[in-house]
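Enquirer: Let me see the structure of the following:
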Amino acid sequence: MQSRLLFNYSILQFLISSHKETINTRVISCAFIVLALAVFKPFGLEVWQWQAYVHLLAIFALGLLSCFLTEVILRYIVRMPRSYDRGVSYIISRNLRFQCINTPLVSLLICLYRHFAMSDLVEANRLSLSNYLETLVIIAFLSFAIGLYWRFKFRSRYLAAELEETRLLNQQLKNMQVEASPEPSLTLTGTTNESISLDVSDLLYIEAVGNYVKVMSKQTDGEVHTTMLRATMKQMEDALQAYPMIVRCHRAFMVNLGQVEQISSNSRAMQLVMRHSHDAIPVSRSNVNKLKELLG
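Expert: Residues are numbered from 1 along each chain as shown. All right, here's what the predicted structure looks like:
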């Protein structure tokens, strides 16, 4: 509980400063793009002389507007609000979606600005598909470059957050295992005559293998035993729904949290390392948040 409170306090401190940091990040990103445009002078900027600086200032404002609109789209349409307590994988996924939405949007805004404000002296700025594609390629390249900069800049923070998140999850797992009450024995049966009877605490995990399920369990001598049953994962899930420590973590796996030795997590995947067999069971992205809620 104390570790959870400390973690929540650190999250609160991070949220207080995150709004200001987000604004700074957007301003610096837009300034970088405008600086690159000022150096390379695409869109016929070289013919505008001092007016080019006015156009660059307008493009800077359009960039900030695009960032605001993208945040609105992510929050209310894509349903991905800015959050720092959902893990590093969520943050990285959201940033990627931000880039995928913001780059075409800001390119469209700049393309329209070129048509209405910069086409008097440069005929090529007239609205067209080639005009838009040209703008999109330039902005995509600059966005990729600034994205690499921010990823490098925040890499140490992401790594620290991953380590802290994994440490907290393992602590919560140990607390859950200590507080778990003893479960009675159970019998799992297939669609034919085969069955297996075992104590719930001895069950490691269940894996779907074609038309069968593989039941991995611990024997009294410490060895791991494999039993094949002709059944579906849905049948196993229905049979085990009364046991809260046994959860579906993947479309092909169910695990006994009481037999999980360690949680291994990073920005790409989460795995559950099992006791006795030391198998690493994957957790699908759709089940990561459910597992975190269960442990919390």
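Enquirer: My guess is Gly63 contacts Ala36. True?
Expert: No: assessed by C-beta atoms under 8 Å, Gly63 is found out of contact with Ala36, at 11.7 Å. Every residue, glycine included, has its C-beta placed from N, CA and C.
Enquirer: Between those two, which has more neighbouring residues?
Expert: Gly63 (23 against 16; other C-beta atoms under 10 Å).
Enquirer: Could you pull up the residues touching the residue nearest to the more buried one when sequence neighbours are not counted?
Expert: Distance criterion C-beta to C-beta, 6 or more residues apart in numbering; nearest residue to Gly63, sequence neighbours excluded, is Cys30 at 3.6 Å. If a contact means C-beta atoms under 8 Å, 6 or more residues apart in numbering, then Cys30 has Phe60, Gly63, Leu64, Cys67 as its contacts.
Enquirer: 10 Å - rerun?
Expert: With contact set as C-beta atoms under 10 Å, 6 or more residues apart in numbering, Cys30 has these partners: Ile59, Phe60, Ala61, Leu62, Gly63, Leu64, Leu65, Ser66, Cys67, Val106, Ile146.
Enquirer: And Val213, by the same measure?
Expert: By C-beta under 10 Å, 6+ apart, the contact set of Val213 is 188, 190, 206-207, 227-233, 235-236, 252, 254.
Enquirer: distance of it from Glu179?
Expert: Applying C-beta to C-beta, to the nearest Å, the value for Val213 to Glu179 is 29 Å.
Enquirer: what does His19 give?
Expert: From His19 over to Glu179 the distance is 37 Å, taken as C-beta to C-beta.
Enquirer: Between the two, tell me which one has more neighbours.
Expert: Shown here are His19 and Glu179; by other C-beta under 10 Å, His19 has more neighbours (10 against 7).
Enquirer: Double-check that the more buried one belongs to a helix.
Expert: Yes: if the criterion is DSSP: H, G, I helix; E, B strand; the rest coil, then His19 is within a helix.
Enquirer: I'd assumed Arg26 was in contact with it.
Expert: No: look at His19 against Arg26 with C-beta atoms under 10 Å: they stay out of range, at 11.2 Å.
Enquirer: contacting residues for Arg114?
Expert: By C-beta under 10 Å, 6+ apart, the contact set of Arg114 is 42-44, 55, 59, 122, 124-127, 131-132, 134-135.
Enquirer: Filter the residues you listed down to the buried ones and hand me the PyMOL line.
Expert: If you want just the buried ones from the contacts of Arg114 in PyMOL, going by 16 or more other C-beta atoms under 10 Å, the selection is:
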select buried, resi 43+44+55+59+125+131+132+134+135
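Enquirer: Among the contacts of Arg114, which one sits closest to Arg167?
Expert: Nearest to Arg167 out of these is Ile59 (C-beta to C-beta; 44.4 Å).
Enquirer: From what I see, that closest one and Leu35 are in contact.
Expert: No: Ile59 lies out of contact with Leu35 (C-beta under 10 Å); the separation is 11.0 Å.
Enquirer: quick one: low-confidence parts of the stretch 51-200 of the chain?
Expert: Judged by pLDDT under 70, the stretch 51-200 of the chain has its weakly predicted residues at 84-89.
Enquirer: Strands of that one, start to end?
Expert: For the stretch 51-200 of the chain, applying DSSP state E, counting those that start in this stretch gives strands covering 185-189, 195-199.
Enquirer: residues near the residue lying closest to Gln172 once chain neighbours are set aside, how many?
Expert: Distances taken as C-beta to C-beta, 6+ apart place Leu295 nearest to Gln172, at 4.2 Å, with adjacent residues excluded. A count of neighbours around Leu295, defined by other C-beta under 10 Å, yields 16.
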